[in-house]
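Q: next one to model:
(one chain, ligands or ions: 1)
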Amino acid sequence: RERVKNLSIHRPIIYGNVASVLSPRQREQLAATAPDHTHTWTVAVRGAASPDKEAATSMVGGADDISYFVKRVSFKLHDTYPNPLRHVEKPPFEVTETGWGEFEIQIKITFVSDAGEKPVSFYHHLKLHPWAAAGDPEIPPLEVAVKLGSVHSWQYDEIVFTEPFNTFLDTLMKN
Ligand code: SLL
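A: Sure thing, here's the model as predicted:
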């Protein structure tokens, strides 16, 4: 195999998290094991390509499916979590947990072996608390946060394959 010169291929992704305050029922279920947990959250990496009209909207095989070039996404959680390094080998590439605090999550994307590329790593700041307006407290009381609904924090990015191998280029172009 050889690299295709003077060519780079871009694949759009989004990464980030959604979080919400635990319901009274959820808090009750966690009372014995994690009484201090206040939030549930999901951190994820997803494809950001817009499906065309005819394409299926499903996570697998749709335009937003990234599993044809992503072998694994690893999420490194805060050390307060059991087994903080979480490997996800198939879509949806996400981890759902409960907790009480914000922290930096290290995200590592490992590409399919065909790609012949090193993994890429980056950080996402897990966001639990609502985006505060000027004058608002940085962390509102839970009763206030509940009313504000889910908190989202997402970044758009692109994976760039510079001079990809010819065999891998076929894979990229078929998807
Ligand atoms: C802080 N630097 O002090 C951060 C640390 C840690 C968050 C936040 C639960 C862990 C568990 C959890 O939310 N850890 O009980 O499994 O704000």
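Q: can we go C-alpha only for contacts and neighbour counts from here?
A: Will do.
Q: run through the residues of the protein sitting next to the ligand.
A: Contact residues (Cα under 6 Å from any ligand atom) of the chain with the ligand: 78, 80-81, 99-103.
Q: and the strands in this structure?
A: 8-21, 39-47, 70-76, 85-88, 93-99, 104-111, 120-125, 151-162 (DSSP state E).
Q: what's the neighbour count on Thr33?
A: By the measure other Cα atoms under 10 Å, the count of residues near Thr33 is 8.
Q: do Leu142 as well
A: For Leu142, using other Cα under 10 Å, the count is 14.
Q: repeat for Val160
A: Residues near Val160, counting by other Cα under 10 Å, number 12.
Q: so how far is Ala115 from it?
A: 12 Å (Cα to Cα, to the nearest Å).
Q: next: Glu94.
A: Applying Cα to Cα, the value for Glu94 to Ala115 is 22 Å.
Q: which residues sit against stretch 91-111?
A: 36-46, 59-60, 65-67, 69-78, 86, 88, 117-128 (Cα atoms under 8 Å, 6 or more residues apart in numbering).
Q: could I get the average pLDDT for that stretch?
A: Average pLDDT, stretch 91-111: 98.
Q: so how far is it from its chain's centroid?
A: Relative to the centre of its chain, stretch 91-111 is centred 6 Å away, using Cα atoms, centre = their mean, to the nearest Å.
Q: again, but for stretch 67-76
A: 10 Å.
Q: residues making contact with that stretch?
A: Contacts for stretch 67-76 (Cα under 8 Å, 6+ apart): 45, 60, 84-91, 93, 95, 105-113, 115, 171-172, 175.
Q: 6 Å instead, please
A: 84-89, 105-112 (Cα atoms under 6 Å, 6 or more residues apart in numbering).
Q: and if you look at stretch 28-36?
A: Outside stretch 28-36, no residue touches it (Cα under 6 Å, 6+ apart).
Q: the residues of the chain next to the ligand: which two are farthest apart?
A: Tyr81 and Glu102 (12.5 Å; Cα to Cα).
Q: cool, thanks, talk later.
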